[in-house]
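*Asks:* Return a 3D structure for these sequence lines:
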Amino acid sequence: MTETTLTGRFAGLANPTRFLALADRLILPMAVLSLLLLAAGLVLGFRAPADYQQGTTVRIMYIHVPFAWLSMMCWGVMSVAALGTLVWRHPLADVALKAAAPVGVVFTGLALATGSIWGKPMWGTWWVWDARLTSVFVLFLMYLGVIALTRAIDDAGRAGRAAAVITLVGAVNLPIIKFSVDWWNTLHQPAAVFRMDGPTIHPTMLWPLMITALGFTVLFFTLHLAAMRTEVLRRRIFAMQRLAARREEGRSA
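*Replies:* Residues are numbered from 1 along each chain as shown. Predicted structure coming up:
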């Protein structure tokens, strides 16, 4: 497939009707796939051996790690959408950004919550202000800020551009989260999956983690696509209401 063909198909999704048709075809199969992957990953996770140090407490890893991964990946998706708004002027880019923020804040909140639950028996405390926890908490606040901004400005175009600028500025936090365990002394362990010398997790624990992470990733894109569809329909209804109001004003005049 040529680059021109890919560009043409991408541009074709700028038509809201085509996008809605695509979303209607994809949402249900993606939802089913995500549930199957999550079920398989969690079953394998419960069957995996306990950690020699952490015991059965380590099983929370199978949901905490995917939540933490998705909290950053979602902001990455929003950053790409922000470029689409400011650089490529794609009509659905600001829709993608706005729709992703609520999903991202939920995954980030769940990452913080499950991390606290995991940290209590391991560290003896629910919360510490180390570099990674603090930077993830800042990410959580940034999600809330984008959501508040997009809802505070009535004009969708202005709101989209403002949110895009904030998203690109906030993207600097992603490498801080990723490399905080290497740059500073934190309670979090260094990376154990994506390493130059290969994963340090035993395959009996690695495979359930990867399957669960894939399941949550598919779930994210399912929720994101559904939220985008809802936002497109909301804007259509708003445009129709505005048009009807103008016609009514014209008749009254």
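*Asks:* so where is the protein shaky, pLDDT-wise?
*Replies:* 1-14, 190-200, 253 (pLDDT under 70).
*Asks:* Tell me where it has helices.
*Replies:* 3-12, 16-47, 61-83, 93-123, 131-152, 156-170, 173-183, 203-252 (DSSP state H).
*Asks:* To residue 189, which of those lies closest?
*Replies:* The closest of the helices of the chain to residue 189 is helix 173-183. By C-beta to C-beta, the value is 7.0 Å. C-beta here means a position set from N, CA and C on the backbone, and glycine is covered the same way.
*Asks:* can you pull the buried residues of that closest one?
*Replies:* Buried residues in helix 173-183, counted by 16 or more other C-beta atoms under 10 Å: 173-174, 176-177, 180-181.
*Asks:* Mind listing residues that contact that helix?
*Replies:* 72, 75-76, 130-132, 135-136, 138-139, 142, 186, 188-191 (C-beta atoms under 8 Å, 6 or more residues apart in numbering).
*Asks:* cool, stretch 156-166 as well?
*Replies:* Stretch 156-166 is contacted from outside by 81-83, 85-86, 93-94, 97-98, 101, 142, 145-146, 149-150, 152-153, 235, using C-beta under 8 Å, 6+ apart.
*Asks:* Pull the contacting residues for residue 63.
*Replies:* 110, 114, 212, 216.
*Asks:* Give me the neighbour count for the closest residue to residue 111 other than its chain neighbours.
*Replies:* Computed as C-beta to C-beta, 6 or more residues apart in numbering, the closest residue to residue 111 that is not its neighbour in sequence is residue 67, at 3.8 Å. By other C-beta atoms under 10 Å, 20 other residues sit near residue 67.
*Asks:* Check residue 250 too.
*Replies:* Residues near residue 250, counting by other C-beta under 10 Å: 8.
*Asks:* ok, now residue 83?
*Replies:* 16.
*Asks:* same question, the one 5 residues further on
*Replies:* By the criterion of other C-beta under 10 Å, residue 88 has 12 neighbours.
*Asks:* One more: residue 96?
*Replies:* Neighbour count of residue 96, defined by other C-beta under 10 Å: 22.
*Asks:* need the contact list for it.
*Replies:* Residue 96 neighbours (C-beta under 8 Å, 6+ apart): 77-78, 81, 84, 224, 228.
*Asks:* Can you give me the distance of the residue nearest to residue 111 to residue 229?
*Replies:* Applying C-beta to C-beta, to the nearest Å, the value for residue 67 to residue 229 is 24 Å.
*Asks:* Kindly report the same for residue 216.
*Replies:* Taking C-beta to C-beta, one finds residue 216 at 20 Å from residue 229.
*Asks:* And the two? Which one has more around it.
*Replies:* When residue 216 and residue 229 are compared for neighbours, residue 216 comes out ahead with 23 against 20, by other C-beta under 10 Å.
*Asks:* just to revisit the earlier point, narrow the contacts of stretch 156-166 to those that are buried.
*Replies:* Neighbour-count burial (16+ other C-beta under 10 Å) is assigned, among the contacts of stretch 156-166, to 81-83, 85-86, 93-94, 97-98, 101, 142, 145-146, 149-150.
*Asks:* Looking at those, which one is closest to residue 43?
*Replies:* Using C-beta to C-beta, residue 101 is the member of those that sits closest to residue 43, with 32.0 Å.
*Asks:* Name all residues that make contact with the closest one.
*Replies:* 78, 143, 146-147, 150, 163.
*Asks:* List every C-alpha atom in stretch 24-36, with coordinates, as CSV.
*Replies:* What follows is stretch 24-36, C-alpha atoms only, in CSV (Å, rounded to 0.1, in the frame of the first residue of the first chain):
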residue,chain,number,x,y,z
ASP,A,24,-20.1,1.2,14.2
ARG,A,25,-18.3,-1.8,12.6
LEU,A,26,-15.3,-1.9,14.9
ILE,A,27,-16.6,-1.2,18.4
LEU,A,28,-18.4,-4.5,19.1
PRO,A,29,-15.6,-6.8,17.7
MET,A,30,-13.0,-4.8,19.6
ALA,A,31,-15.0,-5.0,22.8
VAL,A,32,-15.3,-8.8,22.5
LEU,A,33,-11.6,-9.2,21.7
SER,A,34,-10.6,-7.1,24.7
LEU,A,35,-12.8,-9.2,27.1
LEU,A,36,-11.4,-12.4,25.7
